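Need coordinates for the following:
(chains A and B)
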Protein chains: 2
Amino acid sequence: MTVFDEAIALAAQADGSWQGHTHPGYANMVGPFGGITAAQAINAVLQHPQRQGEPVALTVNYCAALDDGPFSVVATPVRTNRSTQHWTIMFQQQGRIVLTGTAFTATRRETWADDEHRMPAVPPAAELARADTTKARVAWLKRYDFRFIEGSVPVQWDDAHHHDSRTLLWARDDEPRALDHASLTAMADVFFPRIWRRRARLVPIGTVSMTVYFHADGVRLQRSGTEHLLGQAQAQGFLGGYFDQTAQLWNAAGDLLATTHQVVYYKE
Amino acid sequence: MTVFDEAIALAAQADGSWQGHTHPGYANMVGPFGGITAAQAINAVLQHPQRQGEPVALTVNYCAALDDGPFSVVATPVRTNRSTQHWTIMFQQQGRIVLTGTAFTATRRETWADDEHRMPAVPPAAELARADTTKARVAWLKRYDFRFIEGSVPVQWDDAHHHDSRTLLWARDDEPRALDHASLTAMADVFFPRIWRRRARLVPIGTVSMTVYFHADGVRLQRSGTEHLLGQAQAQGFLGGYFDQTAQLWNAAGDLLATTHQVVYYKE
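Numbers count the residues shown, from 1 in each chain, chains lettered A, B, ... in the order given. Predicted coordinates:
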């Protein structure tokens, strides 16, 4: 049982809902790391006794920062078709909704397949230094082994605009843990805010919605094991207080595992 | 009142829900064009008496093909913060859920802004021939003026794999209509299935989830007017019956208006 497993654990309640709990190991500036919250959301679907198939799509909307402590989770299979299932997800604290979401699970079939977005050529994780997060102000950064290839966190916050916001990094859970759909979901949110990279300015931010498309079936998860994943993230547009991020995750063998998108609030 | 306005019209019901109706002008192979269904979903939010701010994010999940006829729409502001609002959306027909969705609206603020994903250099719409959709088998194609720049619908279905799935086109409503968030939402779904382009093979497909991030505020919508929008779409991965599509829409002035993503079922 790793810290990640502890953090996403859900206790079944008599009424069919779940109880989750924020975990100090994944604390962020205000409330928990959004990736762990998203992992809890997909875990409610994965653990559900009526679930059919594997996750294909997940969208979570962060309605408010979670307070430290317990929260209730309801995952509902609102439409079950022959080989597909549509879900709604809701988190509440003190009777107020703090997260909404939808998910889609399906039985995979053998089909023609191709990773059109190929993994960029990069040095292997083993050849790169691990980013030092021992002095990080937020706990969740210590739960990952990050190795930056391009677009690392600015060393100086000097408003020196970069020409783009792209980050390319290797990331894996620390402690190491065999990849599954829950940890892959959390990994979709490990990129620091694109606007910090772009502007070298530490403006307040907060993700409001994140979508993950899973290109990883059981075979690809197993092939990923505990190795680092390669992540690439970039913003497309910044306007009027909101920017987007589009990202990809591949395993070390070059399999595309997830494509993921989010929209983020920013101030200034 | 254009055909588009007719198609997205919603009748307020006594219980606070809306009644929508499929429109023959936007019929697809099976059920309506997904873009018009998404436009109906965002329209329920836009028309809602409690709505605050403008759309920033929308996710719709197509749970089943809609039958021709009426459907009920419920849009609920589940969490209202100072300048932001989270919504859930649900469509039903004959007591069964056919669409789930979530939306996020917010009051835009004056901030630093930049379109990092710039419009590609392309010839203007006026210099390109309109795609002939007069013999199209599905009605909704006739509701758009399409001008392909790259990656048009294959002329022959000969399994001649293309090296990528990218399409670049100009598109506008026919009849011409000043752009708003509803028509922009529909436009996010105008790209024909990437797998048809990639494989030159007419396999059965169906979008299961679509997300739209709006980078268009009122100023940008007004600047777009009735002009063509430039759309770019590409798949990233195809595996086990599902592929994704990532796309961007710009107006003729080069403003980024929306980034949009979807995951699509395919057979074979």
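
Quick one: name the residues of the stretch 101-250 of chain A near chain B.
A:101-102, A:104, A:106, A:108-117, A:164-165, A:198-199, A:208-209, A:211, A:213, A:215, A:217, A:220, A:234-242, A:244, A:246, A:248 (CB under 8 Å from any CB of the partner chain). Every C-beta, even on glycine, is put in place using the N, C-alpha and C of the backbone.

Give me the buried subset of those.
Buried members of those, scored by 16 or more other CB atoms under 10 Å in any protein chain shown, are A:101-102, A:104, A:106, A:108, A:111-112, A:114-117, A:165, A:198-199, A:208-209, A:211, A:213, A:215, A:217, A:220, A:234-242, A:244, A:246, A:248.

Okay, and which of these map to strands?
Those of these mapping onto strands are A:101-102, A:104, A:106, A:208-209, A:211, A:213, A:234-239, A:242, A:244, A:246, A:248, per DSSP state E.

And A:Pro32, how far from chain B?
Noted for A:Pro32: a distance of 17 Å to chain B, by CB to the nearest CB, to the nearest Å.

what about that residue, distance to A:Gln262?
Separation of A:Pro32 from A:Gln262 (CB to CB, to the nearest Å): 16 Å.

Show me which of these two is the more surrounded one.
A:Gln262 (30 against 25; other CB atoms under 10 Å in any protein chain shown).

Give me the sheet partners of the helix or strand hosting the more buried one and which way each runs.
Element membership of A:Gln262 [criterion: DSSP states H and E] is strand A:256-266. Here strand A:256-266 has these sheet partners by DSSP bridges: strand A:205-214 (antiparallel), strand A:242-251 (antiparallel).

Extract the CA atoms of the last one and return them as CSV.
This file holds the C-alpha atoms of strand A:242-251, laid out as CSV (Å, rounded to 0.1, in the frame of the first residue of the first chain):
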residue,chain,number,x,y,z
TYR,A,242,-8.5,31.6,-18.5
PHE,A,243,-5.9,29.6,-20.5
ASP,A,244,-5.9,26.0,-21.8
GLN,A,245,-3.3,23.3,-21.6
THR,A,246,-3.1,20.3,-24.0
ALA,A,247,-0.8,17.4,-23.1
GLN,A,248,0.3,13.9,-23.9
LEU,A,249,1.7,11.1,-21.9
TRP,A,250,3.7,8.2,-23.3
ASN,A,251,5.4,5.2,-21.6
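
check whether stretch A:81-97 contacts chain B.
Yes: using CB under 8 Å from any CB, stretch A:81-97 reaches chain B at A:81, A:84, A:86, A:88, A:96-97.

Next, give me the two most distant ones among these.
Spanning the widest gap among the residues of stretch A:81-97 next to chain B are A:Asn81 and A:Arg96, at 32.7 Å by CB to CB.

what's the closest non-adjacent residue to A:Gln94?
Nearest non-adjacent residue to A:Gln94, counting by CB to CB, 6 or more residues apart in numbering or on different chains: A:Asp67, 7.7 Å away.

My guess is that neighbour contacts A:Val30. True?
No: with contact defined as CB atoms under 8 Å, A:Asp67 does not count as touching A:Val30 (10.0 Å).

neighbour count winner among those two?
Per other CB under 10 Å, whichever of A:Asp67 and A:Val30 has more neighbours is A:Asp67, with 15 against 11.

ok, the more buried one to chain B distance?
From A:Asp67 to chain B the distance is 14 Å (CB to the nearest CB).

Repeat that for A:His23.
23 Å.

Show the contacting residues for that residue.
A:3, A:6-7, A:32, A:36 (CB atoms under 8 Å, 6 or more residues apart in numbering or on different chains).

can you rerun that using 10 Å?
When contacts are counted by CB atoms under 10 Å, 6 or more residues apart in numbering or on different chains, A:His23 is found next to A:3-4, A:6-9, A:32-33, A:36, A:40, A:68, A:139-140, A:143.

Of these, grab the buried ones for ChimeraX.
Here is the ChimeraX command that selects the buried residues among those (16+ other CB under 10 Å):
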select /A:3,4,7,8,9,32,33,36,40,139,140,143
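
Reformat the contacts of A:His23 as CSV; add pLDDT and distance to A:Arg130.
Output for the contacts of A:His23, formatted as CSV (pLDDT from 0 to 100; distance: CB to CB, whole Å):
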residue, pLDDT, distance to A:Arg130
A:Val3, 98, 18
A:Phe4, 98, 18
A:Glu6, 98, 23
A:Ala7, 98, 21
A:Ile8, 98, 24
A:Ala9, 98, 27
A:Pro32, 98, 23
A:Phe33, 98, 19
A:Ile36, 98, 21
A:Gln40, 98, 27
A:Asp68, 97, 28
A:Ala139, 98, 17
A:Trp140, 98, 16
A:Arg143, 98, 13
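
ok, the contacts of A:His23 vs B:Ala126, which is closest?
A:Phe33 (49.5 Å).

Skipping its backbone neighbours, what lies nearest that closest one in space?
Nearest to A:Phe33 is A:Trp140, by CB to CB, 6+ apart, at 3.7 Å.

show me where chain A has strands.
For chain A, applying DSSP E gives strands covering A:11-12, A:18-21, A:54-62, A:70-80, A:84-93, A:96-106, A:144-150, A:167-173, A:205-214, A:229-239, A:242-251, A:256-266.

Any chance of those in a markdown table with mean pLDDT as columns?
Shown next, in a markdown table, are these (pLDDT from 0 to 100):
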| stretch | mean pLDDT |
| --- | --- |
| strand A:11-12 | 97 |
| strand A:18-21 | 98 |
| strand A:54-62 | 98 |
| strand A:70-80 | 98 |
| strand A:84-93 | 98 |
| strand A:96-106 | 98 |
| strand A:144-150 | 98 |
| strand A:167-173 | 98 |
| strand A:205-214 | 98 |
| strand A:229-239 | 98 |
| strand A:242-251 | 98 |
| strand A:256-266 | 98 |
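
What is the burial count for A:Arg223?
For A:Arg223, the count of nearby residues is 15 (other CB under 10 Å).

Revised request: answer the last question for A:Glu268.
For A:Glu268, the neighbour count with other CB under 10 Å is 12.

got a list of what A:Pro176 touches?
Listed by CB under 10 Å, 6+ apart, the contact set of A:Pro176 reads A:2, A:145, A:225-228.

at 6 Å instead, please
By CB atoms under 6 Å, 6 or more residues apart in numbering or on different chains, the residues touching A:Pro176 are A:Thr226.

Can you pull the phi and psi angles for whichever residue of the stretch 51-200 of chain A sits closest to chain B?
Closest residue of the stretch 51-200 of chain A to chain B, CB to the nearest CB: A:Arg108 (3.4 Å). As for A:Arg108, its main-chain torsions (degrees, to the nearest 10) stand at phi -70, psi 150.
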